[in-house]
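# Fold the following and give me the result.
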Amino acid sequence: MFIEIAGPNYHFCACHFIAAAHLTEPLHGHNFMVRLRGTFQKLEEGLGPDFDQVAAALQATLRPFQQKILLAQHNPYYQVLVQGHEVEVRFKAEARRYLFPTAEVKLLPLENVSTEGLAQLLHQQFLAQWPQDTFLKCAIHLAEAPGMAIIYEGADNDGKTK
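Sure, this is the predicted structure:
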């Protein structure tokens, strides 16, 4: 069996940019829509995880991303410097730089703030709120625009990432 949580309440608005060897995007934003699907074994008395608890955990996962500038901490094409109330981004191969208020930035343990990386990070942060055996499998569907989404399913019992 599986549980699915989706709808207009499961979203966050944030901005980011990609910096890679073949592509450097300007700073831009998305209204990310999120859907969660978790496969579970029946729990006590034939029940699965409580809808309200799963929905609340998904909301708690998304809340820190809402209206933030998302920056990758491990990108080889720019440097992130946190100095007091400011976060500076200095690009290594060009004269471009950004300066943001610290309160508006969320630093992420990623190489790039891509939809792929965000989906995997949201998956990890959602599952961290549950006992390990609650979900047999869990998928995060992250859409950056209508019809444009990444689905991250995590690892099966064999350890292979989907």
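
# which one in this protein is furthest away from the centre?
residue 45 (33.5 Å; C-alpha atoms, centre = their mean).

# How much space separates it from residue 148?
Residue 45 sits 41 Å away from residue 148, taking C-beta to C-beta, to the nearest Å as the criterion. To be clear about C-beta, it is placed using only N, CA and C from the backbone, and glycine gets the same treatment.

# cool, and residue 64?
Taking C-beta to C-beta, one finds residue 64 at 23 Å from residue 148.

# now the helices: where do they sit in the chain?
In the chain, the segments counted as helices under DSSP state H are 51-62, 115-127.

# for those helices, which one ends up most surrounded?
helix 115-127 (a mean of 20; mean count of other C-beta atoms under 10 Å).

# From the chain's centroid, how far away is it?
4 Å (C-alpha atoms, centre = their mean, to the nearest Å).

# repeat for stretch 36-53
23 Å.

# Contacts only, for the residue positioned nearest the centre of the chain.
Centrality entry for the chain: nearest residue to the mean C-alpha point is residue 118, 3.1 Å, by C-alpha atoms, centre = their mean. Neighbour list for residue 118: 32, 65, 70, 108, 110, 142, 150 [criterion: C-beta atoms under 8 Å, 6 or more residues apart in numbering].

# Specify the beta-bridge partners of the third one.
Residue 70 has these beta-bridge partners by DSSP bridges: residue 106.
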